[in-house]
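Chemist: Show me the folded form of this:
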Amino acid sequence: MSYRATRNIEASFIEAIQTLMNADWSGVSVEKSFSRVYNIALPVICVRVGSTVHNKVEVGSDATMREPQVFIDIFGSDEGNKLDLKDYLVEKLKSGIVYNTYVIHNGTVQTRTASGRIRVLKIDDVPVSFDTEKDKLDVHDRYRTLITLTVSLGKVE
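Modeler: From the prediction side, this is the model:
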């Protein structure tokens, strides 16, 4: 089974962030499933693709250019860890990442092929704030922030 564009974007970001964490950090997990985050020791980064805008590229054509939002939730172990991870990821991801296409068999990556670049068009980073005292929140929700990237493959579909 080959992933389609959205899953390729998500998997490309997960792989890129895992590589960055392995190179420069220790003990940081990267997940794609938000629900699993709460069963993993902190710090944890969760990557998911949100809404996608398909902009028309020319009059009279159905061709579009995809602009998905990539959500990167950071669950820090403390305030400093959250801020350091956020700034590190913004610094490393703002120049974009390699776009890979994946072929999966029985849940395992069989092939990965570099197929272009994911360009970052916009970055928003916002602390996740609950109207509750930190000590009353689940430990995973105490030091959270959300990076939202608007990205493009630069390809007409």
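
Chemist: helices and strands of the protein: which one has the lowest mean pLDDT?
Modeler: helix 34-37 (a mean of 89; mean pLDDT, DSSP states H and E).

Chemist: Show me which residues of whichever helix or strand comes after it are buried.
Modeler: As assigned by DSSP states H and E, the chain's next helix or strand after helix 34-37 is strand 44-56. For strand 44-56, the buried set under the neighbour-count rule, 16 or more other CB atoms under 10 Å, comprises 44-49. Every C-beta, even on glycine, is put in place using the N, C-alpha and C of the backbone.

Chemist: what's in contact with whichever strand in the chain runs longest?
Modeler: Ranked by number of residues, the top strand in the chain under DSSP state E is strand 108-127. By CB atoms under 8 Å, 6 or more residues apart in numbering, the residues outside strand 108-127 that reach it are 8-9, 12-13, 15, 67, 82, 86, 90, 93-104, 144-155.

Chemist: Which of those fall within helices?
Modeler: Among those, the residues falling in helices (DSSP state H) are 8-9, 12-13, 15, 82, 86, 90, 93.

Chemist: on that earlier part again, mind giving me the packing neighbours of the least confident helix or strand of the chain?
Modeler: Here helix 34-37 touches strand 44-56, strand 64-75, going by 3 or more CB pairs under 8 Å, 6 or more residues apart in numbering; DSSP states H and E.
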